[in-house]
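J.: Here is a sequence with its predicted model. Questions after.
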Amino acid sequence: MVIVVTRLHLKGIASLPSFTIHTLKSIWQIKKTKRVRFSSYRKEGLLTFWTMTGWENLDAMKQFRNHDAHLEAMKRSQSLADELQYIRLESDNRISWHECKQRLHENYAEPSAYPRVIDCS
């Protein structure tokens, strides 16, 4: 299973209305997606948002990511957010939020600007 964890920090309160609209559209899109195993969302403070999704495979994740509402949200994310981080994990089982957050923070603590794929199986 492919698990994707994202962390997005908005530039300011003025970004919230547009971000909320794009988020709701992406949630509606994921609810119609058949090859998603799970999706979960967290809010941290006023301007930081987390997502965790589990997919049958990498192709299923890319099919969702590169189409419709989620694609539009990704295009707008740079104008709405001042931080956008993500990691892709491989695992046979769902991973806890605590572990996913820890792994994302470890990944971005390194000087590399690009996330790594982490095998958690």
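T.: Sure, I can see it.
J.: can you map out the helices along this structure?
T.: 16-31, 58-65, 68-80, 97-108 (DSSP state H).
J.: ok, how many other residues are close to L10?
T.: Residues lying near L10 (other CB atoms under 10 Å) number 19. For glycine as for every other residue, the C-beta is placed from the backbone atoms N, C-alpha and C.
J.: What of Q85?
T.: Residues near Q85, counting by other CB under 10 Å, number 16.
J.: From E90, how far off is the closest residue to it other than its chain neighbours?
T.: In space, and not counting its chain neighbours, Q85 is closest to R7: 4.6 Å by CB to CB, 6 or more residues apart in numbering. R7 sits 19 Å away from E90, going by CB to CB, to the nearest Å.
J.: what does K43 give?
T.: In terms of CB to CB, K43 sits 27 Å off from E90.
J.: do the same with A60
T.: 13 Å.
J.: Looking only at neighbour counts, state which of these two leads.
T.: Between A60 and E90, counted using other CB under 10 Å, the more crowded position is A60 (19 against 13).
J.: That one touches V36, doesn't it?
T.: Yes - if you go by CB atoms under 8 Å, A60 and V36 touch, sitting 7.1 Å apart.
J.: The residue nearest to Q85 - how many residues pack around it?
T.: The tally of other residues near R7 (other CB under 10 Å) stands at 21.
J.: Residues in a beta bridge with it, which ones?
T.: Residues in a beta bridge with R7, per DSSP bridges, are W50, Q85.
J.: for it, what are its contacts?
T.: 48-50, 83-86, 101, 104 (CB atoms under 8 Å, 6 or more residues apart in numbering).
J.: Likewise for L58?
T.: Taking CB under 8 Å, 6+ apart, we find L58 in contact with V2.
J.: and if you look at the one 3 residues further on?
T.: Remark: with contacts taken as CB under 8 Å, 6+ apart, M61 is in contact with 2, 4, 53, 55, 88.
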